[in-house]
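**Q** Provided below are the primary sequence and the corresponding predicted coordinates.
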Amino acid sequence: MSESRIRFRHLQAFLEVARQGSVARAADFLHVSAPAVTKTLRELEEALGVAVVERDGRGIRVTRLGEIFLGHAGSAITALKRGVDSVRQDGAVNRHPIRIGA
């Protein structure tokens with residue numbers, strides 16, 4: 001397992017596939033192609049060394065190990081978004097006004 005190979009896009013695609021229950025619907029929501037989502041899921045599974053989803057008829061089902069990872073992936077995305085928001089807020093507060101004059 002190589003955590004350094006797991007990227008934001010892997011987590012985002014996995015979370016959306018889990019939410020939607022479909023690669024096609026997740027792809028539409030993420031504005032990417034279905035093959036791109038499938039490839040991203042394969043990369044995530046390779047990095048983790050386990051299957052996180054499996055085909056279930058015409059949809060996708062999260063595996064037991066995928067369910068375990070799902071909570072952590074959601075927490076990671078939430079933490080990242082909070083970090084970005086904090087930096088943006090602090091950056092907006094600490095900007096010095098630009099004064100133009102003679």
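**A** Now that the structure is in, tell me what you want to look at. Numbering: from 1, shown residues only.

**Q** With Val23 as the reference, measure out to Arg55.
**A** The gap separating Arg55 from Val23 is 9 Å, by C-beta to C-beta, to the nearest Å. Bear in mind the C-beta positions are built from the backbone N, C-alpha and C, glycine included.

**Q** Look at the two and report which has more neighbours.
**A** Neighbour comparison, Arg55 and Val23: the larger count goes to Val23, with 23 against 9 (by other C-beta atoms under 10 Å).

**Q** wait, what's in contact with that one?
**A** Counting by C-beta atoms under 8 Å, 6 or more residues apart in numbering, Val23 makes contact with 17, 34, 37-38, 41, 60.

**Q** Show me these that map onto strands.
**A** Ile60 (DSSP state E).

**Q** which of the contacts of Val23 count as buried?
**A** Taking 16 or more other C-beta atoms under 10 Å as the criterion, what is buried in these is 17, 37-38, 41, 60.

**Q** Closest one to Asp85 out of those residues, please.
**A** Asp85 has its nearest neighbour among the buried ones among the contacts of Val23 in Val17, at 25.0 Å by C-beta to C-beta.

**Q** secondary structure class for the residue nearest the centre of the chain?
**A** In the chain, the C-alpha nearest the mean C-alpha coordinate belongs to Gln12, at 1.6 Å (C-alpha atoms, centre = their mean). Under DSSP: H, G, I helix; E, B strand; the rest coil, the three-state class of Gln12 is helix.

**Q** hang on, isn't it packed against Leu30?
**A** Yes: judged on C-beta atoms under 8 Å, Gln12 makes contact with Leu30 at a distance of 6.8 Å.

**Q** Walking through the protein, point out its helices one by one.
**A** 8-20, 23-30, 34-48, 64-93 (DSSP state H).

**Q** tell me the contacts of Glu30?
**A** Quick fix: residue 30 is Leu, not Glu. Residues in contact with Leu30 (C-beta under 8 Å, 6+ apart) are 12-13, 16, 37.

**Q** One more pass at 6 Å, please.
**A** Glu16 (C-beta atoms under 6 Å, 6 or more residues apart in numbering).
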